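Peer 1: Based on what follows, work out the 3D shape:
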Amino acid sequence: MTPIFKQFRNYRRLSIEERREMLQAMKHYSVFPPVLSDEIADQMIENFTCNYQLPLGIAGDFVINDKDYLVPMVTEEPSVIAAAQAGARRIGNIVVSLDRKELIGQVVLSDVESLRDALEIINTHEDELLELAKNFSPSMVKRGGGPVKIWADTKHDSIGDFLVVYVSFDAQDAMGANALNTILEGISPRIQQLVQGSSLMSILSNYTEESVVKGRVEIPLIQLHRNQKRALGIARQIEKASRFSCLDVYRATTHNKGIMNGIDAVVVATGNDWRAVEAGAHAYASRSGNYQPLTLWQVSDDEKFLIGTIELPINVGTVGGTLAVHPVAQWSLELLGNPNSQELAEIIAAVGLAQNFSAVRALVTDGIQKGHMSLQARSLSLQVGATVEEVPRLVRRLRLEPQMNQESARRFLEEIRHEQ
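Peer 2: The predicted structure follows:
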């Protein structure tokens, strides 16, 4: 165990103030906690009234591409951070890679007289259109990014035929949505002129199939259980559960929701667009025509390892946009060591894989409710009106109940208050 994780192991037992002091001592962070001021928030959205707050926690024990990470996660759901950290602790180093990061944009045209001729025209003028596109993103081109490729395709429907001109775009460390939309709207008039069609729309796609992150872990079975036979049994159960999610859309949906519990939490913490990441992930899961899981688990041929893989598109940025002005997003990136956009995407995918491992392992062993409801006891305590001082005692009593609910929580709370 590395020194940073040894320090972090008792983190949850500390008071809130002690946790903040530990982080500052470990990494020498700037003043904490950062706050999104009303003045900045009012510039971020329309009709600003107040900040809606969500808890930010930290998951430790993550080793990703042989590097240690403390991962910031924003979520309202109990057990998500605990599960991510527990998963990371068991599975060890997560090897993740993103070969390239490219967004895709579309210029969609209708009322094109000859789609066949239009395809040939776009192909002939590809270099011209690519240079024109670069003229609309000079700053990105200077940084080594910008438009990469232009191509065209056709789509057909009973209401008419469409010509679609695609642009792939390297946004470097930015998310790139605004830059790409500027390019698409900039080249649209020239495309209309070339093919003699009417522009329907020019917009980026959140299906970023050119930004696919792939991750893999090989977990020694001893990490599943000290007893070798029991460990192999658990591994086989995880493998079966994984295969079942390939066969049943009801299970695949919840399987992937669990993955996104971890992914979204990091995306939100770092100021990125979790709706775009969600949309792209679920589209990728459906690319075969059948909705499929984003992770797979299988036992190695020699029965010594449980092998897990994850594959999904993740387009995130580390400069510009919301994260450039949101102090908590900036602090979160600092906690992660100020990664570039590729590294951040890899971290996010690794968290999703660890989250999924914990969920599937729980499902095939003790059941999802044992750990989940234990953490839910705190939320339930607050729901029935327990004070911060009363919560620990009430939680201890609720954990002894085979079934915890608001009725039992209220009864125990009255007993605690009567004892006082």
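Peer 1: tell me which element the residue nearest to the spatial centre of the chain falls in.
Peer 2: Nearest to the geometric centre of the chain sits Ile263, at 2.4 Å (Cα atoms, centre = their mean). Applying DSSP states H and E as the criterion places Ile263 in helix 249-269.
Peer 1: One more: Asn123?
Peer 2: Assessed by DSSP H and E, Asn123 sits inside helix 115-124.
Peer 1: for the chain, what's the longest helix?
Peer 2: Determined from DSSP state H, the single longest helix within the chain is helix 341-364.
Peer 1: That one relative to helix 249-269, how many degrees between them?
Peer 2: Orientation of helix 341-364 against helix 249-269 (axes from the mean of the first three to the mean of the last three Cα atoms, to 10 degrees) gives an angle of 140 degrees.
Peer 1: centre of the chain versus helix 341-364, how much separation?
Peer 2: Put simply, helix 341-364 sits 9 Å off its chain's centre (Cα atoms, centre = their mean, to the nearest Å).
Peer 1: Just the CA trace of it, in PDB.
Peer 2: Output of helix 341-364 as PDB, limited to C-alpha atoms (Å, rounded to 0.1, in the frame of the first residue of the first chain):
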ATOM      1  CA  SER A 341      -8.300  15.500 -21.200                       C
ATOM      2  CA  GLN A 342      -7.100  12.000 -22.300                       C
ATOM      3  CA  GLU A 343      -5.900  11.100 -18.800                       C
ATOM      4  CA  LEU A 344      -9.200  12.400 -17.300                       C
ATOM      5  CA  ALA A 345     -11.200  10.200 -19.700                       C
ATOM      6  CA  GLU A 346      -9.100   7.200 -18.700                       C
ATOM      7  CA  ILE A 347      -9.600   8.000 -15.000                       C
ATOM      8  CA  ILE A 348     -13.300   8.200 -15.500                       C
ATOM      9  CA  ALA A 349     -13.500   4.900 -17.300                       C
ATOM     10  CA  ALA A 350     -11.500   3.200 -14.600                       C
ATOM     11  CA  VAL A 351     -13.900   4.500 -11.900                       C
ATOM     12  CA  GLY A 352     -16.800   3.000 -13.900                       C
ATOM     13  CA  LEU A 353     -15.100  -0.400 -14.100                       C
ATOM     14  CA  ALA A 354     -14.400  -0.400 -10.300                       C
ATOM     15  CA  GLN A 355     -17.900   0.700  -9.600                       C
ATOM     16  CA  ASN A 356     -19.300  -2.100 -11.700                       C
ATOM     17  CA  PHE A 357     -17.100  -4.700 -10.100                       C
ATOM     18  CA  SER A 358     -18.300  -3.900  -6.700                       C
ATOM     19  CA  ALA A 359     -22.000  -3.900  -7.800                       C
ATOM     20  CA  VAL A 360     -21.800  -7.300  -9.600                       C
ATOM     21  CA  ARG A 361     -19.800  -8.900  -6.800                       C
ATOM     22  CA  ALA A 362     -22.300  -7.700  -4.200                       C
ATOM     23  CA  LEU A 363     -25.200  -9.000  -6.300                       C
ATOM     24  CA  VAL A 364     -23.800 -12.600  -6.600                       C
END
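Peer 1: If you count neighbours, what's buried in it?
Peer 2: By neighbour count on 16 or more other Cβ atoms under 10 Å, the buried set for helix 341-364 is 341-364. Every C-beta, even on glycine, is put in place using the N, C-alpha and C of the backbone.
Peer 1: Strands of this structure, start to end?
Peer 2: With DSSP state E, the ranges of strands along the chain come out as 56-64, 67-74, 95-98, 103-110, 146-157, 160-170, 198-205, 212-220, 295-299, 305-313.
Peer 1: Now render these as TSV, adding mean neighbour count, mean pLDDT and distance to Thr182.
Peer 2: TSV is the format used below for these (neighbours: other Cβ atoms under 10 Å; pLDDT from 0 to 100; distance: least, Cβ to Cβ, whole Å):
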stretch	mean neighbour count	mean pLDDT	distance to Thr182
strand 56-64	22	95	33
strand 67-74	22	96	30
strand 95-98	18	97	25
strand 103-110	22	97	10
strand 146-157	16	96	11
strand 160-170	20	96	10
strand 198-205	17	97	10
strand 212-220	19	97	25
strand 295-299	20	98	36
strand 305-313	22	98	22
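Peer 1: out of the ones you listed, which comes closest to Glu120?
Peer 2: strand 146-157 (9.3 Å; Cβ to Cβ).
Peer 1: bridging residues for the residue lying closest to Leu200 once chain neighbours are set aside?
Peer 2: Spatial nearest neighbour of Leu200, excluding adjacent residues (Cβ to Cβ, 6 or more residues apart in numbering): Val108 at 4.5 Å. When assigned by DSSP bridges, Val108 has beta-bridge partners Val164, Met201.
Peer 1: so who does Val108 touch?
Peer 2: Going by Cβ atoms under 8 Å, 6 or more residues apart in numbering, Val108 touches 162-165, 199-202.
Peer 1: would CSV of the strands of the chain with distance to Arg417 be doable?
Peer 2: Output for the strands of the chain, formatted as CSV (distance: least, Cβ to Cβ, whole Å):
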stretch, distance to Arg417
strand 56-64, 30
strand 67-74, 34
strand 95-98, 50
strand 103-110, 57
strand 146-157, 65
strand 160-170, 61
strand 198-205, 56
strand 212-220, 47
strand 295-299, 46
strand 305-313, 47
